[in-house]
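> I need the structure of the sequence given here:
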Amino acid sequence: MKIFLAPGFYKNIKRSVMDGVNVNELDIRDSSLREKILGSYDTGVVKLWALKGSLRDRWASLDEGDYVLFYHAGKLIYAGRVGFKYPSADEPEQVESGSRLAESVWGRDIDGKTWPYLFFLEDVREIDLPLSKLNELAGYSMKAVVGFMKVREEKALRVIEYLPKAYVKPSVEPTPKPPLLIQHDQMVDAIYSLGELIGYKPEKKWRHERYEFDVVWHKPPRIGPKYVFEVHLKGSLEAALLRLKHAHDLWESQIFLISTEDQLKEAQTKFLGELHEIRDRVTLLDVKSAEEFYDFKGKYEWLERKFGLRPT
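Numbers count the residues shown, from 1 in each chain. Now for the predicted structure:
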């Protein structure tokens, strides 16, 4: 049994590994692959990852049951096991089918290419495994995982034995979240992902003194965050605006309040008169517009990188 490390954008890991993709969203052009997917994912939610043609040899070394650990921002955040791979034969038609399916999930990369060598995951678990701990277990001194790689086989067992300690387990049985809380968390993830795609260093639930901000985007070596976002769907609207005012006063950050149309109207009529210092500084953005921008940006960010319109 082997272990592989897979770095990736948070947005892509969230879409296909954390949340999974509904089978109806997949462009499946091979009937045998469709049959295999439907037989493996009875809920219709498919979890998968893929590699480019240049990494075909590494993909070929993957076997059913191998572990893949997904890396982002200094730690391994998800672990899954390989259920099956596609193409099942290295034929042009199957490679093209894999490419079409990959494009329906992740779009295209900066070079206009896709990831035709797919592997489908089972037993996906959230983990919290810092890269420093992996280095200790595997005898590495990596500062980051920069490409899909296999852990040394003689060290893989140590990592596998440690994995259960890294699983993120709730202390009590999870209870269903109210719809607004789920929407809040999804929007926070979306704003975080946008910052990463655009080229900033994003953080969620970032704390400073007694304040905690939903999302901030850093631009080193600048002191303090360049952009600060509050996603307000319940609770104190005034408190959310005061947090944004604090960020603007302290760091001259560009500040954003993301909320529903009625809450944004209340912010304008009830609070921003008194908080006149940020009245013309805060950007008020309704949730629907923010979701639309996130979806649009995710589809076309590879074109921006291709034409050099933003940092890689």
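> Following element in sequence after the helix or strand where residue 186 lies, please.
Secondary structure from DSSP states H and E places residue 186 in helix 179-198. Of the helices and strands lying after helix 179-198 in sequence (DSSP H and E), the nearest is strand 201-208.
> Flag every buried residue along that following strand.
For strand 201-208, the neighbour count (16 or more other C-beta atoms under 10 Å) marks 202, 203, 204, 206, 208 as buried. (Each C-beta comes from the backbone N, C-alpha and C, glycine too.)
> In the sheet, which residues pair with the fourth one? Tell me.
For residue 206, the residues forming beta bridges with it (DSSP bridges) are residue 213.
> so it touches residue 212, yeah?
Yes: using C-beta atoms under 8 Å, residue 206 is in contact with residue 212, at 7.1 Å.
> what ranges do the strands span in this protein?
3-7, 21-22, 45-46, 48-51, 67-72, 75-86, 117-130, 149-150, 201-208, 211-218, 227-231, 254-259, 282-286 (DSSP state E).
> Which other helices and strands does the last one contact?
In this case it means strand 282-286. With contacts taken as 3 or more C-beta pairs under 8 Å, 6 or more residues apart in numbering; DSSP states H and E, strand 282-286 sits against helix 237-251, strand 254-259, helix 261-266.
> Show me which parts of it are buried, residue by residue.
For strand 282-286, by 16+ other C-beta under 10 Å, it's 282, 285, 286.
> Now that strand: average pLDDT?
Strand 282-286 carries an average pLDDT of 95.
> tell me which strands and helices the helix holding residue 186 is in contact with?
helix 10-13, strand 201-208, strand 211-218, strand 227-231, helix 287-306.
> contacting residues around the longest one?
In this structure, residues lying in contact with helix 287-306 by C-beta atoms under 8 Å, 6 or more residues apart in numbering are 11, 107-112, 183, 187, 190-191, 193-194, 197-198, 233, 258-260, 310, 312.
> Those, buried ones only, as a PyMOL selection?
Here is the PyMOL command that selects the buried residues among those (16+ other C-beta under 10 Å):
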select buried, resi 11+108+183+187+190+191+193+194+197+233+258+259
